[in-house]
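> sequence first, then the predicted structure, then my questions.
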Amino acid sequence: MKHFLFLCILMTMLDVFLIVYAWTLPLFPEGWRTKVNSRPNSLDPRVNNESVTGILIILTTAVTCALWTLLFYVDLLVPGLTIP
């Protein structure tokens with residue numbers, strides 16, 4: 001259970017990092033932003049950075065919520081499997 005808790009914390013840190021990165025995207029130079037967003041219909045992060053970042057935030061948030069839900073379910077409702 002300690003390893004699972006550590007995995008939950010790591011996923012949360014990754015999710016927070018992606019959210020902070022998305023919030024700071026407008027602060028990057030305009031030339032770089034137009035270079036990395038040159039093809040808005042592509043899923044290649046080299047040519048469509050902002051859309052891929054949004055998709056990653058949605059997916060990591062969903063996985064992180066599922067991991068924390070599973071951890072609390074096991075910790076609270078399954079007897080004998082507590083975090084020592």
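Sure, I can see it.

> quick check: D15 touching T61?
Yes. The criterion here is Cβ atoms under 8 Å, and D15 meets it with T61 at 5.6 Å. Where you see a C-beta, it was placed from the backbone N, CA and C, and this is true even at glycine.

> which one of the two has more residues nearby?
The residue with more neighbours, out of D15 and T61, is D15; 19 against 15, by other Cβ atoms under 10 Å.

> shouldn't L43 be in contact with T53?
No. L43 lies out of contact with T53 (Cβ under 8 Å); the separation is 11.6 Å.

> between these two, point out the one with more neighbours.
Neighbour count, other Cβ under 10 Å: between L43 and T53, T53 has more, with 17 against 10.

> count the residues that sit near T69.
Close neighbours of T69, defined as other Cβ under 10 Å, add up to 11.

> any idea how far it lies from L77?
Computed as Cβ to Cβ, to the nearest Å, the T69 to L77 distance reads 11 Å.

> which helix or strand contains D44?
Element membership for D44, per DSSP states H and E: none, as it lies in no helix or strand.

> so where's the protein uncertain?
Within the chain, the stretches with pLDDT under 70 are 45-46, 81-84.

> state which helix of it is the longest.
As assigned by DSSP state H, the longest helix anywhere in the chain is helix 49-77.
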